[in-house]
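Undergrad: Predicted structure and sequence below. I'll ask about it afterward.
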Amino acid sequence: DAGVTQSPTHLIKTRGQQVTLRCSPKSGHDTVSWYQQALGQGPQFIFQYYEEEERQRGNFPDRFSGHQFPNYSSELNVNALLLGDSALYLCASSLIHGASSPLHFGNGTRLTVT
Amino acid sequence: AQKVTQAQTEISVVEKEDVTLDCVYETRDTTYYLFWYKQPPSGELVFLIRRNSFDEQNEISGRYSWNFQKSTSSFNFTITASQVVDSAVYFCALSEPLTQGGSEKLVFGKGTKLTVNP
């Protein structure tokens, strides 16, 4: 049973560039959430996708955008990169239910902006 | 707004010692979930436990135990007879329902780095 997979593992970009991160959810899951984890901090919610729509966004600028595909996989795009965007980006998947479904996290993509 | 406080930034113990990681939370919701995740150096967040706000029974799983006290808004995590493999960053998290449907989002504390020395 494949868990959440993210690619790439590491990425180095220059300020002003754009980046795309990818995530495949755990088998059977239909919801994908993205979190940003700065060094020494806890993860912070960026947004969540379900049924190919953004359900809610955290306190992140419009430079952060996403997409969910019919097979439930997802992309996170960040435009006009800033040094402060350097972080570990975590994807989490879950199953929509009335009650809480535990999030399953991937290993993350470590983005370094120089 | 939801908030999770993990006051212990770093803890260092010697193998076989017991260690308790503290977590205090703030929420106005009457129904919520609390979580603990473990993050080893590889980066993946490993789910340890989820506790419903209506269930205040303590839980034990092997060497791990959790003490949920709604009266003090605390959800502490104890590792008994710690091992070197327990070394990791541990995060406490609180669920916050999404306003537009979907699964809830998690609000994380800043984490406690646990080092277990041989």
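TA: Now that the structure is in, tell me what you want to look at.

Undergrad: ok, now which ones touch the closest residue to residue A:17 other than its chain neighbours?
TA: Nearest residue to residue A:17, sequence neighbours excluded (C-beta to C-beta, 6 or more residues apart in numbering or on different chains): residue A:81, at 5.2 Å. Every C-beta, even on glycine, is put in place using the N, C-alpha and C of the backbone. Residue A:81 is in contact with A:13, A:14, A:15, A:16, A:17, A:18, A:19, A:113, counting by C-beta atoms under 8 Å, 6 or more residues apart in numbering or on different chains.

Undergrad: Export those to TSV and append columns for pLDDT and neighbour count.
TA: Below are the contacts of residue A:81 laid out as TSV (pLDDT from 0 to 100; neighbours: other C-beta atoms under 10 Å in any protein chain shown):
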residue	pLDDT	neighbour count
A:13	98	16
A:14	98	8
A:15	98	11
A:16	97	10
A:17	98	13
A:18	98	11
A:19	98	18
A:113	98	19
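
Undergrad: Tell me which of those fall in strands.
TA: Using DSSP state E, A:13, A:19, A:113 are the members of those that sit in strands.

Undergrad: Next, find the distance separating the first one from chain B.
TA: What it means is residue A:13. Applying C-beta to the nearest C-beta, to the nearest Å, one obtains 18 Å for the distance of residue A:13 from chain B.

Undergrad: what sits opposite that residue in the beta ladder?
TA: Beta bridges link residue A:13 to residue A:113, judged by DSSP bridges.

Undergrad: Wait, it touches residue A:110, no?
TA: No: the criterion here is C-beta atoms under 8 Å, and residue A:13 misses it with residue A:110 at 11.5 Å.

Undergrad: can you tell me how far residue B:76 sits from residue A:7?
TA: The gap separating residue B:76 from residue A:7 is 37 Å, by C-beta to C-beta, to the nearest Å.

Undergrad: Tell me which of these two has more neighbours.
TA: Shown here are residue B:76 and residue A:7; by other C-beta atoms under 10 Å in any protein chain shown, residue B:76 has more neighbours (18 against 14).

Undergrad: Now the closest residue to residue B:11 other than its chain neighbours: which helix or strand?
TA: Residue nearest to residue B:11 in three dimensions, not counting chain neighbours: residue B:114, with 5.2 Å by C-beta to C-beta, 6+ apart. Assessed by DSSP states H and E, residue B:114 sits inside strand B:112-117.

Undergrad: give me phi/psi at residue B:13?
TA: phi -130, psi 170 (degrees, to the nearest 10).

Undergrad: Give me the pLDDT value at residue 98.
TA: All of this refers to chain A. With respect to pLDDT, residue A:98 scores 46.

Undergrad: um, chain B though
TA: Looking at residue B:98, the pLDDT reads 62.

Undergrad: Likewise for the one 5 residues further on?
TA: Reading off the per-residue confidence, residue B:103 sits at a pLDDT of 67.

Undergrad: Residue B:77: neighbour count?
TA: 22.

Undergrad: Not counting its neighbours along the chain, what's nearest it?
TA: Nearest to residue B:77 is residue B:21, by C-beta to C-beta, 6+ apart, at 4.5 Å.

Undergrad: again with residue A:28
TA: Once flanking residues are discounted, residue A:28 sits nearest to residue A:95: 6.6 Å by C-beta to C-beta, 6+ apart.

Undergrad: what helix or strand does the spatially most central residue of chain A sit in?
TA: Nearest to the mean C-alpha position of chain A, by C-alpha atoms, centre = their mean, lies residue A:34 at 3.0 Å. For residue A:34, the host element (DSSP H and E) is strand A:31-37.
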